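Trainee: just the structure for this:
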Amino acid sequence: MEKRELPNSTLILVFGILSIVGCCCYGVAGLVFGIIALVMAKKAIEIYNAEPELYTGYQNVKTGRILAIIGIVLSALGIITSLISFLFFGGINAWQEVMEEMGRQYGG
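Mentor: This next block holds a predicted model:
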């Protein structure tokens, strides 16, 4: 019997990578990609566990799942840090002033 690729195994890996990259976008993109990757990985693992001898690509699913978990943690830390700094600096006006000052300082 010929082995088939697990459904979405490569996509799970890509979304896991994007969840780590997306944590740099204030954490929101990383959180979205990470959650999607985890849901897809759960389904793929269930399919694989039902009949492991029929499928390949399980390593991609495991790696993508681990990367998604790391991306979710980093994104959550990014969101928490952004919220704390937003509250610490006193709201959106103060935040904009800080960003403008940084832009003037560093020539941006």
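
Trainee: helices of the chain, residue ranges please.
Mentor: 9-22, 28-50, 58-89, 92-105 (DSSP state H).

Trainee: format the ones you listed as a markdown table; extra columns: distance to K3.
Mentor: Every C-beta, even on glycine, is put in place using the N, C-alpha and C of the backbone. Below are those laid out as a markdown table (distance: least, CB to CB, whole Å):
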| stretch | distance to K3 |
| --- | --- |
| helix 9-22 | 12 |
| helix 28-50 | 11 |
| helix 58-89 | 11 |
| helix 92-105 | 53 |
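
Trainee: and among the ones you listed, the most buried is which?
Mentor: helix 9-22 (a mean of 21; mean count of other CB atoms under 10 Å).

Trainee: which residue is nearest the middle of this structure?
Mentor: Central residue of the chain (CA atoms, centre = their mean): S19, 1.9 Å from the mean position.

Trainee: give me the nearest residue to that residue, chain neighbours excluded.
Mentor: Nearest residue to S19, sequence neighbours excluded (CB to CB, 6 or more residues apart in numbering): G71, at 2.7 Å.

Trainee: so the one you found sits against G27, correct?
Mentor: No - using CB atoms under 8 Å, G71 is not in contact with G27, being 9.5 Å away.

Trainee: returning to that earlier point: ok, of the helices of the chain, where does mean pLDDT dip lowest?
Mentor: Ranked by mean pLDDT, the helices of the chain end with helix 92-105 at the bottom, a mean of 80.

Trainee: good, we can wrap up now.
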